[in-house]
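Undergrad: Got a sequence here, can you build the structure:
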Amino acid sequence: MSLPRSWSPADVIDLPDPHTASNVTYNPSISRLRELARAEERTTEYGSAGYYSEFTSRSADQTANTIDHEFTEEDIDLVAQAIELAHDADMLCLDRKLGSHPDHTYVCRYYVPTGYARIAHAWAKLLEPTEEGAPPDFRTLQVPDHDITAIRVFPDERFTAVIGSDYTGEAKKSFLRQFMYEVKRDGGIGLHAGSKQVTVGGDEVGQLFMGLSATGKTTLTTHGYGLQDGSVRVMQDDVCGLLPDGSAVGSEGYGMYVKTAGLDPDEQAELYNGVTHESAVFENVYIDEDGRVDFDDDTYTANGRAVVLREHVSIAPGTIDLDGVDQLFFITRNPICPPVARLTPDQAAVAFMLGESVETSAGDPDRAGESIRVVGTNPFTIGSRAEEGNLLRGLVDHLDIDSYLLNTGHLGQQARDISVEDSANILKAIAQDQVEWRYDETLSLEVPRAVPGVDSTLFDVAAHVDDLEDKVRYQRDDRRAYLRQFDGLAPAILDAVY
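TA: Numbers count the residues shown, from 1 in each chain. Coordinates of the predicted model:
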């Protein structure tokens, strides 16, 4: 049954005041949170805390918001039950600061039962402490103990209820989802993207990387490219906002929530140092009884995570905002896509709307490995997807941002792997403007003739894919059919399908 139009969320969202409520412990220290979670901790060989949760990924299918969905009496009853528990149970309440830009800095207030201090311990390390007494902009209540799993988002009230899940990622994304919504309301666009600044030959190049979780976004964002005559600074690894002035505002200023599977101490030395520091917090990473950590053991889950403090990642500076975006990369995993292709603004909007990749354990473990499409590679969008695509196209065109499609998977039937080293060499060459491009008639895309350090045969897709023309024709028709479902999408975007 739907709710009457007269219903107001304010009638339900009545959280306890942490300053006066006797059942709420307000802003405990990091050390106190670890102490409260000690019974659940498995201490690692590095001296850091490791925890295990029942839920090991986000519950995307159980997530709804009041903009895109019609809430029912059952939805509101669930939220009311969660809020009633917040008034009765022993609760923790933490305030943290999201963002650093003057127009996009928000106070986040997070409530969780004291029995789940481990979630608060991990989440509290992602965002900076805020000024004492600052009123909250965003609020999230997480109540893991419920038979029903439901994430209910009230964007205009800036409130999220996480019910029936004990996954830290739900707490983290509840605030980042709201952050992206607010950026869009101010004329920008929130992006599920990492950001970095590459300095080469005295020139500064701003790069953004959009991709689904576990497809290489953090790996490439935090990669140093092995520059001998330059430097790399990592601003964000997950979510930022592209503003109309060309800057990219950051969100998380204190820590990073990184996937640990496949973490390579050689290729990702800076990130590895942070992960193995005693200040890190592990979630669902394999730790044996003696505290030894095995990042590649997926006995429990392939979606093991670590909260890493930025101060222990040498290439992560104090600032999280990127002054200017020059290059935008859409990460995909498509076996008939070259390792990289250069896109027009219209094609960039196509790549954004398609959001093509493969499902990973971070999204839906039961579908891991399947081909999927997620607009903007962003499962946290609120509002019209067509509006987002049109907005992205306009910003890329107006700001003259160079856009690229980046395949981090494999190529062709023989599954010719595209290594992290290949991708890093490509990104370095693009940053240094060392790539000569040619137009591929079959793909309708610009591809490199050659890239230093990369096998040039990788750019000849036809040599790796049988019946390429037929496969491309089928794929193009399927893409057009998919994009036609988005009412209001600019015709120029549909015409640019590659």
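Undergrad: Need the residues that contact the one helix or strand in the chain whose mean pLDDT sits lowest.
TA: Every helix and strand of the chain was ranked by mean pLDDT, DSSP states H and E. The lowest is strand 356-358, at a mean of 83. With contacts defined as C-beta atoms under 8 Å, 6 or more residues apart in numbering, strand 356-358 is touched by 211-212, 215, 331-334, 368-374, 377, 409. (Glycine included, C-beta is placed from N, CA and C.)
Undergrad: What are the buried residues along the very next helix or strand once past that strand?
TA: Next in sequence after strand 356-358, counting helices and strands by DSSP states H and E, comes strand 371-373. Within strand 371-373, the residues that count as buried by 16 or more other C-beta atoms under 10 Å are I372.
Undergrad: One more: stretch 199-208?
TA: Residues 200, 204-208 are the ones in stretch 199-208 that count as buried (16+ other C-beta under 10 Å).
Undergrad: check contacts around N284.
TA: 51-53, 56, 300-301, 303-305.
Undergrad: returning to what we had before: a markdown table please, covering the buried residues of stretch 199-208 and showing distance to I320 and pLDDT.
TA: Listed next are these as a markdown table, based on distance: C-beta to C-beta, whole Å; pLDDT from 0 to 100:
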| residue | distance to I320 | pLDDT |
| --- | --- | --- |
| V200 | 22 | 91 |
| E204 | 16 | 96 |
| V205 | 18 | 98 |
| G206 | 13 | 98 |
| Q207 | 15 | 98 |
| L208 | 13 | 98 |
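Undergrad: returning to what we had before: could you take the contacts of N284 and lay them out as JSON lines, with extra columns for pLDDT?
TA: Output for those, formatted as JSON lines (pLDDT from 0 to 100):
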{"residue": "Y51", "pLDDT": "98"}
{"residue": "Y52", "pLDDT": "98"}
{"residue": "S53", "pLDDT": "98"}
{"residue": "T56", "pLDDT": "96"}
{"residue": "Y300", "pLDDT": "92"}
{"residue": "T301", "pLDDT": "95"}
{"residue": "N303", "pLDDT": "93"}
{"residue": "G304", "pLDDT": "96"}
{"residue": "R305", "pLDDT": "97"}
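Undergrad: Farthest pair within the residues you listed?
TA: Distance extremes for those: the farthest pair is Y51 and N303 at 13.8 Å, using C-beta to C-beta.
Undergrad: Between those two, point out the one with more neighbours.
TA: When Y51 and N303 are compared for neighbours, N303 comes out ahead with 25 against 22, by other C-beta atoms under 10 Å.
Undergrad: care to break the chain down by domain?
TA: 9-185, 191-251+320-495 (automatic domain parsing).
Undergrad: Distance from the chain centre to the longest one, please.
TA: Translated: domain 191-251+320-495. Relative to its chain's centre, domain 191-251+320-495 lies at 14 Å (C-alpha atoms, centre = their mean, to the nearest Å).
Undergrad: Kindly report the same for stretch 29-39.
TA: Distance of stretch 29-39 from the chain centroid (C-alpha atoms, centre = their mean) equals 27 Å.
Undergrad: Likewise for stretch 140-154?
TA: Relative to the centre of its chain, stretch 140-154 is centred 21 Å away, using C-alpha atoms, centre = their mean.
Undergrad: same thing with stretch 109-120?
TA: 22 Å.
Undergrad: can you give me the end-to-end distance of that stretch?
TA: Length of stretch 109-120, first residue to last, C-alpha to C-alpha, to the nearest Å: 11 Å.
Undergrad: Need the contact partners of that stretch.
TA: 15-16, 18, 24-25, 28, 33, 36-37, 40-41, 49, 51, 53, 85-86, 89-96, 123, 136, 138-145, 166, 168, 171, 175.
Undergrad: mind checking the SS state of G274?
TA: Following DSSP: H, G, I helix; E, B strand; the rest coil, G274 is assigned to helix.
Undergrad: Over to A120?
TA: Under three-state DSSP, A120 falls in the helix class.
Undergrad: list the buried ones in the longest helix along the chain?
TA: Secondary structure of the chain per DSSP state H: the longest helix is helix 168-185. Under the neighbour-count criterion of 16+ other C-beta under 10 Å, helix 168-185 has 168-184 buried.
Undergrad: quick check: mean pLDDT across that helix?
TA: Throughout helix 168-185, pLDDT has a mean value of 98.
Undergrad: quick one: that helix to chain centroid distance?
TA: The answer for helix 168-185 is 10 Å, by C-alpha atoms, centre = their mean.
Undergrad: Next secondary structure after that helix?
TA: Helices and strands here follow DSSP H and E; after helix 168-185, the next one along the chain is strand 189-191.
Undergrad: number of nearby residues for R385?
TA: 22.
Undergrad: gap between the closest residue to R484 other than its chain neighbours and D346?
TA: In this structure, R484 finds its nearest non-sequential neighbour in L494, 7.0 Å apart by C-beta to C-beta, 6 or more residues apart in numbering. According to C-beta to C-beta, to the nearest Å, L494 and D346 sit 9 Å apart.
Undergrad: The two: who's more crowded?
TA: The neighbour count for L494 versus D346, taken as other C-beta under 10 Å, is higher for D346 (20 against 17).
Undergrad: Report the secondary structure state of that one.
TA: Three-state call for D346 (three-state DSSP): helix.
Undergrad: so what's Q432 up against?
TA: Contacts of Q432 (C-beta under 8 Å, 6+ apart): 200-201.
Undergrad: Centroid-nearest residue for the chain?
TA: Among the residues of the chain, the one closest to the centroid is D238, at 3.8 Å (C-alpha atoms, centre = their mean).
Undergrad: So what does it have for phi and psi?
TA: D238 adopts backbone torsions of phi -140, psi -60, taken as degrees, to the nearest 10.
Undergrad: can I assume it is in contact with G194?
TA: Yes - under the criterion of C-beta atoms under 8 Å, D238 makes contact with G194 at 6.6 Å.
Undergrad: Identify the contacts common to these two.
TA: With contacts defined as C-beta under 8 Å, 6+ apart, the residues shared by D238 and G194 are 217-218.
Undergrad: can you give me the helices for the stretch 1-150 of the chain?
TA: Along the stretch 1-150 of the chain, counting by DSSP state H, counting those that start in this stretch, helices occupy 30-36, 73-88, 117-124.
Undergrad: what lines up beside the host helix or strand of K196 in the sheet?
TA: Under the criterion of DSSP H and E, K196 resides in strand 193-200. Using DSSP bridges, strand 193-200 pairs in its sheet with strand 203-210 (antiparallel), strand 230-236 (antiparallel).
Undergrad: Just give the nearest non-adjacent residue to K259, would you?
TA: Per C-beta to C-beta, 6+ apart, closest to K259 is A214, 5.2 Å.
Undergrad: Please identify which of the contacts of N284 is nearest to G318.
TA: After measuring the contacts of N284 against G318 - C-beta to C-beta - the closest member comes out as R305, at 23.8 Å.
Undergrad: now the closest one, which residues is it bridged with?
TA: Going by DSSP bridges, R305 forms beta bridges with K259, E283.
Undergrad: Quick one: residues contacting it.
TA: Contacts of R305 (C-beta under 8 Å, 6+ apart): 168-169, 257-260, 282-285.
Undergrad: From those, list the buried ones, please.
TA: For the contacts of R305, a burial check counting by 16+ other C-beta under 10 Å picks out 168-169, 257-260, 282-285.
Undergrad: circling back: got a markdown table for the domains of the chain, with distance to F295 too?
TA: A markdown table is the format used below for the domains of the chain (distance: least, C-beta to C-beta, whole Å):
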| stretch | distance to F295 |
| --- | --- |
| domain 9-185 | 11 |
| domain 191-251+320-495 | 13 |
